[in-house]
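> Have a look; sequence and predicted model below, questions after that.
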Amino acid sequence: MTGVTTGATTGAADKTMTAEDVVARLASGMTIGIGGWGSRRKPMALVRALLRSEITDLTVVSCGGPDVGMLAAAGRIRRLIAPFVTLDSIPLEPNYRAAREQGRLQLTEYDEAMFLWGLRAAASRLPFLPVRAGLGSDVMRVNPHLRTVTSPYDDGETFVAVPALRLDAALVHVNRADRRGNGQYLGPDPYFDDLFCEAAETAYVSCERIVDTAELTKDAPPQTLLIQRHRVTGVIEAPHGAHFTSCAPDYGRDEDEQRAYATTPWPQFAARYLADGGTP
């Protein structure tokens, strides 16, 4: 795979940092993409560090789960761009729902295909990409900023021109990474984590375990090397760093903790969740 090398990972190539180091590089008003999907492989250690900071007024781009719910409950999101927000086994994310119903954040809701192509456009450094998704639906009505384009070829077909979802920073979590920034997923789905990193000016990858580069392909095929080092700004070793969301095959979703999150008022849950020594 391009960008992946073997051998020792020392010196200037070492991109390891802490979650606190990552947050120190972020700022209020940024557009931040958060990887994972619903309540699966979310970079919760990084989200938790972000919640401990004073950073606010964020535009968050996410296939939303508890990352969105927690940031919304804490009043950190100005605008959300998402195809959905769910806890998977709990269909409605309660803190997001409350924030939306109370008008505490702006929402740009895209079809999943539109969301995908918005990330692809940003990753390709294009202003937009054409897509058929959204035509004939209320997506166009609720997003009046969207435009259509006509094919310049003989077919003359009309497409939605999905604008690039450019990110100031991306936060993603994977199973393994090396110190140079090569990231590996071992679960059943890559989600859009590689595109988040490619669409961002800076990308921060937390992982269950940092390993030597050669170990990444010792027991898994090269295709699992989802994220390439030249796209990555920092690597954070965070065991259980997706908890309470799943990080297959390392662990499943902690359903008890997720239920506690969904049924406990946010100030009460946050007091424990954000405390030093609290739930990882």
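Sure, I can see it.
> What is the end-to-end distance of stretch 128-143?
15 Å (C-alpha to C-alpha, to the nearest Å).
> cool, stretch 55-75 as well?
Note: stretch 55-75 ends 10 Å apart using C-alpha to C-alpha.
> got the buried residues for that stretch?
Neighbour counts over stretch 55-75 (16 or more other C-beta atoms under 10 Å) mark 55, 58-74 as buried. Where C-beta positions appear, they are placed from N, C-alpha and C, glycine not excepted.
> Please list the members of the residues you listed that lie in strands.
When DSSP state E defines the strands, the subset of the buried residues of stretch 55-75 inside them is 58-62.
> Name the nearest of those residues relative to Met44.
Closest approach between those and Met44, by C-beta to C-beta: Ser62, at 12.5 Å.
> For the closest one, give its distance to Arg132.
24 Å (C-beta to C-beta, to the nearest Å).
> coming back round to it: make TSV from the ones in strands among the buried residues of stretch 55-75 and add pLDDT and distance to Leu165 to it.
Converted to TSV, these look like this (pLDDT from 0 to 100; distance: C-beta to C-beta, whole Å):
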residue	pLDDT	distance to Leu165
Leu58	98	14
Thr59	98	10
Val60	98	11
Val61	98	5
Ser62	98	10
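> so what pLDDT did Ala275 get?
pLDDT for Ala275: 89.
> meant to ask about Leu26
98.
> Near Asp111, how many other residues are there?
18 (other C-beta atoms under 10 Å).
> wait, what's in contact with the residue nearest to it when sequence neighbours are not counted?
Nearest residue to Asp111, sequence neighbours excluded (C-beta to C-beta, 6 or more residues apart in numbering): Ala133, at 4.5 Å. Contacts for Ala133 (C-beta atoms under 8 Å, 6 or more residues apart in numbering) come out as 111-114, 117, 139, 160.
> Checking Ala133 next. Helix, strand or coil?
coil (DSSP: H, G, I helix; E, B strand; the rest coil).
> Between strand 58-62 and the top helix by length along the chain, find me the angle.
When the chain is parsed with DSSP state H, its longest helix is helix 112-123. Calculated by axes from the mean of the first three to the mean of the last three C-alpha atoms, to 10 degrees, helix 112-123 forms an angle of 120 degrees with strand 58-62.
> Name the residues that touch helix 112-123?
Contacts for helix 112-123 (C-beta under 8 Å, 6+ apart): 33, 61, 63, 81-84, 110, 127-129, 131-134, 139, 160, 162-167, 192, 195-196, 198-199.
> Out of the residues you listed, which sit inside helices?
139, 195-196, 198.
> Low-confidence stretches in the protein?
Along the chain, segments meeting pLDDT under 70 span 1-12, 276-280.
> picking that back up, Ile55 versus the residue nearest to Asp111, what's the distance?
As judged by C-beta to C-beta, Ala133 and Ile55 stand 32 Å apart.
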